[in-house]
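**Q** Pasting the sequence and the predicted coordinates here, then a few questions.
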Amino acid sequence: IETLSGMRQAKAYMLGNKVSRVEVSMGTPQFQPEQIPVTLTTDAVASEAKQSPVITYQLTTNSYQLSVSLLSMGNPHAVSFVSEPVVNFPLAEVGPKVERHPLFPQRTNFEIARVLSRGKIEARVWERGVGETLACGSGACAIAVAAQLHNYVGDIVDIILPGGTLTISWDRVGEVLLTGPVEEVFTGEYLTKGE
């Protein structure tokens, strides 16, 4: 599959004569400030990088103080882990402020996540330029990567989003794999000139 972030490999899983799930290689996470991008210098995060490659930053937006893990999955992500159910988080209020925070020169996607167990996380996503969405593949991957690097979860984790559950696996060195259900939502025909 060709994406704006590059070519991605996909593997289909069949149930009878229909594809029921697809595993997609989502690329390798990036952690350097210029790769995310964020307006932090490499020197500013060098001491923290000795502990973990993921940058954790204390972000203030009006009345909210958030600890966010910063990384790129081909697009910028700020992941905040909370202890309360994610349904209680004021995402419509806080999401746009995080998205447009000066730390992010190209704006950012913002994920709020709560670890339920070593293999399950519930989450909500604020996509830059869109708002809250029911699910987000790169967001689910960012959550899983940040959770692994904080030792909250193992190598395979289910990310439970309002739109459904995605399974993310990562061996901490290669590409992140996303597996999720698929359904046909429409069919169509594209005609070119002269047809």
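**A** Structure received.

**Q** Could you use CA atoms for every contact and neighbour count after this?
**A** Will do.

**Q** For this protein, which segments are assigned as strands?
**A** Under the criterion DSSP state E, the chain contains strands at 2-3, 6-7, 10-15, 18-25, 55-61, 64-72, 76-81, 109-117, 120-127, 131-133, 156-161, 164-169, 177-181.

**Q** highest average neighbour count across the ones you listed?
**A** strand 76-81 (a mean of 26; mean count of other Cα atoms under 10 Å).

**Q** angle of that one against strand 64-72?
**A** Going by axes from the mean of the first three to the mean of the last three Cα atoms, to 10 degrees, strand 76-81 is angled at 130 degrees with respect to strand 64-72.

**Q** Which elements pack onto strand 76-81?
**A** With contacts taken as 3 or more Cα pairs under 8 Å, 6 or more residues apart in numbering; DSSP states H and E, strand 76-81 sits against strand 64-72, strand 109-117, helix 137-149.

**Q** can you list contacts of it?
**A** The contact list for strand 76-81 (Cα atoms under 8 Å, 6 or more residues apart in numbering) reads 36-37, 66-71, 107-115, 139, 142-143, 146.

**Q** so who does the spatially most central residue of the chain touch?
**A** With distances taken as Cα atoms, centre = their mean, residue 139 lies nearest the centre of the chain, 1.7 Å away. By Cα under 8 Å, 6+ apart, the residues touching residue 139 are 77, 109, 110, 111, 125.

**Q** got those as CSV, with pLDDT columns?
**A** CSV is the format used below for the contacts of residue 139 (pLDDT from 0 to 100):
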residue, pLDDT
77, 98
109, 98
110, 98
111, 99
125, 99
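
**Q** As CSV, these with distance to residue 18 would be great.
**A** As requested, those are arranged in CSV below (distance: Cα to Cα, whole Å):
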residue, distance to residue 18
77, 33
109, 33
110, 34
111, 32
125, 29
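
**Q** ok so, going back, select, out of the strands of the chain, the one closest to residue 191.
**A** strand 2-3 (21.0 Å; Cα to Cα).

**Q** Parallel or antiparallel, list what pairs with that closest one.
**A** strand 6-7 (antiparallel) (DSSP bridges).

**Q** Just name the shakiest helix or strand of this structure by mean pLDDT.
**A** helix 42-49 (a mean of 54; mean pLDDT, DSSP states H and E).

**Q** Check the burial of residue 105 by counting its neighbours.
**A** Residue 105 is flanked by 14 other residues according to other Cα atoms under 10 Å.

**Q** Thanks a lot, see you next time.
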